[in-house]
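> Need a 3D model of the sequence below.
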Amino acid sequence: MFITFEGIDFCGKTSQAQLLANRLREEGQDVAVFREPGDTPLSENIRSMLLQTEQTINERAETLLFSASRAQLVREQIYPAIRSGKIVLCDRFFDSTIAYQGYGRRLPLDFIYQINRFASYDIVPDITFLLHLTPEEAFHRAVNGNRFDRMEMNSLNFFERVMNGYLRLAIAEPRRFHVLDATQPMNEIHRIIWRTLNDKKEVILESAAVY
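This next block holds a predicted model:
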């Protein structure tokens, strides 16, 4: 089973992924947790390049770098973990590229979908939790004086396009996406996530997806 967490920066998806991983492990499940970009030596190097603020990266190069990191992570970590029967959680996956580079950067969506399919080896998440947060709320959560990374330094308009892109994806795939109000308390969001998984228990805990 492959579960992903999506949303704009500061929405709390990383914390929710870790809370779910801990809960699943308490229930005796074998869980693997990854993040994008990252979690392989090559992918971590690409992450450093993408998030640095010292040099400009054009939108096409940015898209290709994110996709290269994903291809390495899928081949080296995600695919083997799924095949071995683990429940795999990932903080971001290809929906981020559609939302950020497709809707945010306004790159052609047909190109984004094509490169996503190539980089992900056709693997699609079984469940995606989208934590909905407005850009204004996200920036309120940022620590005063925090040194933002390159992606976090984008404008409010950019993040509005990204969030709208995410919501379009959720509307297009209602069976995969579960949209959560990220302004709720952390424990309440986790409770909703856990309840959602229990509603699908026969699928999630009794069988592993084979790709």
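
> Next, the contact list for Arg70, please.
Contacts here follow C-beta atoms under 8 Å, 6 or more residues apart in numbering; on that basis Arg70 touches Glu36, Pro37, Ser43, Phe93, Phe94, Thr97, Ala119, Ser120. In short, each C-beta sits where N, CA and C put it, glycine included.

> So which of those are in helices?
Residues of the contacts of Arg70 located in helices (DSSP state H): Ser43, Phe94, Thr97, Ala119.

> before we move on, the earlier item: mind picking the one among the contacts of Arg70 that's closest to Leu131?
Looking at the contacts of Arg70 and their distance to Leu131, the nearest is Phe93, at 14.1 Å (C-beta to C-beta).

> Which phi and psi values does that closest one adopt?
phi -150, psi -150 (degrees, to the nearest 10).

> oh, and call the first residue 158 from now on, that's how I've got it
Sure, I'll start numbering at 158, so the last one becomes Phe250.

> Just give me the neighbour total for it.
A count of neighbours around Phe250, defined by other C-beta atoms under 10 Å, yields 25.

> now swap in Glu219 and tell me
For Glu219, using other C-beta under 10 Å, the count is 20.

> wait, isn't it in contact with Met206?
No. Using C-beta atoms under 8 Å, Glu219 makes no contact with Met206, being 9.6 Å away.

> Break down the protein into its strands, ranges please.
Applying DSSP state E to the chain gives strands spanning 159-163, 188-192, 244-248, 284-289, 334-338.

> If any of the contacts of Arg227 are buried, put those into a ChimeraX selection.
Under the burial definition 16 or more other C-beta atoms under 10 Å, those of the contacts of Arg227 that qualify are selected in ChimeraX by:
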select :193,194,200,250,251,254,276,277
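
> so which of the contacts of Arg227 comes closest to Leu337?
Phe250 (16.6 Å).

> And the pLDDT for the residue found closest to the closest one once you drop the neighbours it is linked to in the chain?
Among residues not flanking Phe250 along the chain, Thr161 sits closest, at 4.4 Å (C-beta to C-beta, 6 or more residues apart in numbering). Looking at Thr161, its pLDDT reads 98.

> Quick check, Thr161 in contact with Leu288.
No. Thr161 is not in contact with Leu288 according to C-beta under 8 Å; the separation is 11.4 Å.
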